[in-house]
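S.K.: Provide a 3D model corresponding to the input given below.
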Amino acid sequence: MNGIWWPLVVERARQIVDGYAPLKVTLRQVMYRLAAEGVLPHTPPTYRRLSSQLAQARREGRFPDPIDTIREVHVPPAWPDAGAFVTEMSTRFSLDRTTGQKQAPYVAAEKDTLRQQLTGWLAFAGIPVLVVRRTRPRCIDHERC
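M.R.: Okay, the predicted model is just below:
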């Protein structure tokens with residue numbers, strides 16, 4: 001990692017993340033973009049160092065939080081009072097746009113890290129997002145597996 005000027009890398013990473021606003025991106029997506037631009041080599045040690053540098057920048061308020069599906073806390077929705085609930089629900093109401101259709105579009109992804117991005121992009125159209133995590137293929141002939 002000699003020759004990498006980390007303040008410049010952190011600034012470019014922030015520009016990448018800001019370019020997706022209001023959506024968020026994962027650390028891995030930022031790494032892929034930086035590697036594709038030739039800013040960083042695509043190696044595990046560099047990825048770990050990028051993670052460390054961006055974490056420090058987040059603690060200092062210089063970098064936004066990325067999507068973190070591993071440490072995500074699922075909190076049930078709550079409202080301060082019934083009026084706030086009614087107000088929010090009126091903005092969230094939508095009909096099932098697939099009702100009565102013979103076929104319905106779904107967008108499928110293999111990586112759960114894309115779920116938040118895809119749902120953010122497609123919510124306005126009511127298109128469901130399906131995440132199918134990769135699993136090991138099953139073998140019928142167990143002797144050859």
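S.K.: against which helices or strands is the helix or strand bottoming out on mean pLDDT in the chain packed?
M.R.: Taking all helices and strands of the chain together, the one with the lowest average confidence (mean pLDDT, DSSP states H and E) is helix 115-122, at a mean of 84. Contact partners of helix 115-122 among helices and strands, from 3 or more CB pairs under 8 Å, 6 or more residues apart in numbering; DSSP states H and E: strand 107-109, strand 129-131. Using the backbone N, CA and C atoms, a C-beta is placed for each residue, glycine as well.
S.K.: mind putting the ones you listed in TSV, distance to residue 44, mean neighbour count and mean pLDDT included?
M.R.: Putting those into TSV (distance: least, CB to CB, whole Å; neighbours: other CB atoms under 10 Å; pLDDT from 0 to 100) gives the following:
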stretch	distance to residue 44	mean neighbour count	mean pLDDT
strand 107-109	24	14	88
strand 129-131	25	14	88
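S.K.: wait, which of those is closest to residue 86?
M.R.: Go through the helices and strands packed on helix 115-122 one by one with CB to CB and the one that ends up closest to residue 86 is strand 129-131, at 27.5 Å.
S.K.: mind checking how far the single longest helix found in the chain is from the chain centre?
M.R.: Using DSSP state H to define each element, the chain has its longest helix at helix 44-59. Centroid separation between helix 44-59 and its chain, computed with CA atoms, centre = their mean, to the nearest Å, is 17 Å.
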